[in-house]
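S.K.: structure of the sequence below:
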Amino acid sequence: MTTQATTGQVLVTAQDLRAALSAILVGHQVPSDQAEVIAELLAEADLRGVDSHGAHLMSMYASRLADGHLTPRTTVTTLADNGSAVVLDGGLGFGQIAGLEAAKLVSARAAEHGVAAVAVRETTHLGALGAYTARVAAEGRICLCVQNGPTFVPPFGGITPLMSTNPLSYAIPAGEEPTIVYDIATTAVAGNKLLLAKKRGDPTIPPGWANDTSGRPTTDTQAASVRHLQWFGGHKGFGLALLVELLAGVLAGSSFGTTERTASPLHGDARIAKGVVFIAIDPERFAQREVFTAAVDTLIREIRGSEPAVGVDRIWLPGEPEHERQKARSRDGIPLSPVLVDELRRLAAAVGAPPLRVRAGDDTAPGGA
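M.R.: This is a model prediction of the structure:
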């Protein structure tokens with residue numbers, strides 16, 4: 001799997017992208033150490049090909065910072081600590097900061113107790129959840145993460161927005177094989193993928209992504225409504241979304257459905273308050289680590305080596321495409337659309353930050369290199 005800029009795309013290095021994103025955040029009064037962490041996770045998403053949760057999000061973050069809906073300095077406080085179960089408050093700061101703190105804590109507590117859960121209320125958008133579960137798995141623990149969010153997706157069969165895309169992720173440590181990392185929205189597609197398609201000017205989207213404002217299925221990108229995304233698998237995706245809402249919203253003591261935890265977040269699709277729950281398991285409580293990871297490797301190889309269907313070149317495990325893409329993009333550069341590059345440069349100019357640098361010799365970006 002190689003990375004090349006397709007027609008109209010611009011290549012940037014991960015280092016330059018991180019620097020540009022961090023500078024924009026610092027320009028909005030985000031502390032430099034926290035800005036670097038947030039920028040690292042955004043650039044990591046772009047490196048892994050999860051473009052909907054990478055630099056594309058900076059415009060949303062900048063807008064929320066400018067409007068005062070997102071706290072520049074993230075302060076995470078402990079509300080309850082019962083050993084294997086902890087409740088944190090993210091203070092409506094950056095979800096990346098609260099998410100990493102929760103992930104580190106749940107991993108440590110799972111090592112201590114065997115199984116642990118950490119809930120965070122009043123946090124905000126975490127970005128790609130797989131970044132957090134993968135870090136816990138890298139420490140040898142199994143991890144599940146769920147997060148709820150704004151009310152812009154109707155329940156299955158309805159048209160009244162009550163839930164978000166309600167993503168979930170799990171990661172399983174392996175031995176010699178790459179970590180299994182599963183990261184999905186419970187809707188057919190993440191809302192940011194539709195927004196990114198609109199930003200790029202894509203004329204159509206795949207069938208099954210979204211409906212129009214009247215609830216009718218559409219493949220017209222501009223007619224498709226982010227407030228009317230479709231659930232993957234119909235009622236099955238909705239059932240998982242409901243579980244996410246109950247754990248990340250109700251159990252975490254954060255906003256859920258149309259219920260606001262505080263008066264400060266806006267309601268509906270502009271609401272920023274979210275809840276998140278991490279659950280971790282230490283497999284050493286069930287088998288020796290080497291035995292468990294060797295068995296995971298065996299299963300991975302059996303799946304990968306099974307006979308493919310007609311027309312299928314390779315059977316992929318969850319996380320493998322992103323793993324391969326990260327290696328390629330680290331080597332060749334991260335492809336960004338000129339529209340996004342121009343947007344990032346405008347955001348930088350607005351706060352007096354240096355513009356995003358593109359790869360030498362690439363003059364397709366607005367304003368050149």
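S.K.: looking at the protein, which helix or strand is least sure?
M.R.: When each helix and strand of the chain is scored by mean pLDDT, DSSP states H and E, helix 191-200 comes last, with a mean of 83.
S.K.: contact partners of the helix or strand following that helix?
M.R.: Where DSSP states H and E defines the elements, the next helix or strand beyond helix 191-200 is strand 210-211. With contacts defined as Cβ atoms under 8 Å, 6 or more residues apart in numbering, strand 210-211 is touched by 188-189, 194, 217-218, 224-226, 228-230. Where you see a C-beta, it was placed from the backbone N, CA and C, and this is true even at glycine.
S.K.: average pLDDT across strand 210-211?
M.R.: Strand 210-211 comes out with an average pLDDT of 86.
S.K.: stretch 349-369 now?
M.R.: Mean predicted confidence for stretch 349-369 is 71.
S.K.: for stretch 304-311, same thing?
M.R.: Here the average pLDDT along stretch 304-311 is 95.
S.K.: span of that stretch from start to end?
M.R.: End-to-end distance for stretch 304-311: 15 Å, by Cα to Cα, to the nearest Å.
S.K.: show me which residues of it are buried.
M.R.: Judged by neighbour count (16 or more other Cβ atoms under 10 Å), stretch 304-311 contains no buried residues.
S.K.: against T75, how distant is the nearest residue in space to A349 that is not next to it in sequence?
M.R.: Setting aside the residues directly before and after it, A349 is nearest to P355 in space (Cβ to Cβ, 6 or more residues apart in numbering), at 7.0 Å. Look at P355 and T75: by Cβ to Cβ, to the nearest Å, they are 31 Å apart.
S.K.: more neighbours: these two, which one.
M.R.: P355 (20 against 12; other Cβ atoms under 10 Å).
S.K.: what's the distance between that one and D220?
M.R.: 34 Å.
S.K.: remind me, longest helix of this structure?
M.R.: helix 95-113 (DSSP state H).
S.K.: so after that one, what's the next helix or strand?
M.R.: strand 115-123.
S.K.: the helix or strand following that following strand: how far from the chain's middle?
M.R.: Counting by DSSP H and E, the next helix or strand C-terminal to strand 115-123 is helix 130-138. Relative to the centre of its chain, helix 130-138 is centred 12 Å away, using Cα atoms, centre = their mean, to the nearest Å.
S.K.: now the strands: where do they sit in the protein?
M.R.: For the chain, the strands defined by DSSP state E cover 10-12, 77-81, 85-89, 115-123, 142-147, 168-172, 180-184, 210-211, 217-218, 274-281, 334-336.
S.K.: orientation of the fifth one relative to strand 115-123 in degrees?
M.R.: Per axes from the mean of the first three to the mean of the last three Cα atoms, to 10 degrees, the angle that strand 142-147 makes with strand 115-123 is 20 degrees.
S.K.: packing partners of strand 142-147?
M.R.: For strand 142-147, the packing partners by 3 or more Cβ pairs under 8 Å, 6 or more residues apart in numbering; DSSP states H and E come out as helix 95-113, helix 130-138, strand 168-172, helix 235-244, strand 274-281.
S.K.: how far does it sit from its chain's centre?
M.R.: The answer for strand 142-147 is 12 Å, by Cα atoms, centre = their mean.
S.K.: where does this structure dip in pLDDT?
M.R.: Applying pLDDT under 70 to the chain picks out residues 1-7, 262-270, 360-369.
S.K.: quick one, phi psi at the residue of it most remote from its centre?
M.R.: Checked against the mean C-alpha position of the chain, the extreme residue using Cα atoms, centre = their mean is V310, at a distance of 32.6 Å. Phi and psi for V310, reported as degrees, to the nearest 10, are phi -60, psi 130.
S.K.: and it, how far from E320?
M.R.: In terms of Cβ to Cβ, V310 sits 21 Å off from E320.
S.K.: next: E260.
M.R.: 40 Å.
S.K.: how about A349?
M.R.: In terms of Cβ to Cβ, A349 sits 39 Å off from E320.
S.K.: these two: which is more packed in?
M.R.: Neighbour count, other Cβ under 10 Å: between A349 and E320, E320 has more, with 19 against 14.
S.K.: need the contact list for the more buried one.
M.R.: P178.
S.K.: S32 and S22 touch, don't they?
M.R.: Yes - with contacts counted by Cβ atoms under 8 Å, S32 reaches S22, the gap being 7.3 Å.
S.K.: tell me how far A252 lies from G275.
M.R.: From A252 to G275 the distance is 4 Å (Cβ to Cβ).
S.K.: what residues are shared contacts of these two?
M.R.: By Cβ under 8 Å, 6+ apart, the residues touching both A252 and G275 are 119-121.
S.K.: which among the residues you listed gets closest to L246?
M.R.: Of all those, A119 has the smallest distance to L246: 11.8 Å, by Cβ to Cβ.
S.K.: what sits opposite that closest one in the beta ladder?
M.R.: Beta-bridge partners recorded for A119 (DSSP bridges): V87, V277.
S.K.: name all residues that make contact with the residue nearest the centre of the chain.
M.R.: In the chain, the C-alpha nearest the mean C-alpha coordinate belongs to A128, at 1.6 Å (Cα atoms, centre = their mean). A128 is in contact with 41, 44-45, 48, 50, 53, 169, 183, counting by Cβ under 8 Å, 6+ apart.
S.K.: how much space separates the nearest residue to it once chain neighbours are set aside from T259?
M.R.: Among residues not flanking A128 along the chain, H53 sits closest, at 4.2 Å (Cβ to Cβ, 6+ apart). H53 sits 26 Å away from T259, going by Cβ to Cβ.
S.K.: the two - which one has more neighbours?
M.R.: For the pair H53 and T259, the greater number of neighbours falls to H53 (26 against 11), based on other Cβ under 10 Å.
S.K.: chain center to stretch 312-320, what's the gap?
M.R.: On Cα atoms, centre = their mean, the centre of stretch 312-320 falls 21 Å from that of its chain.
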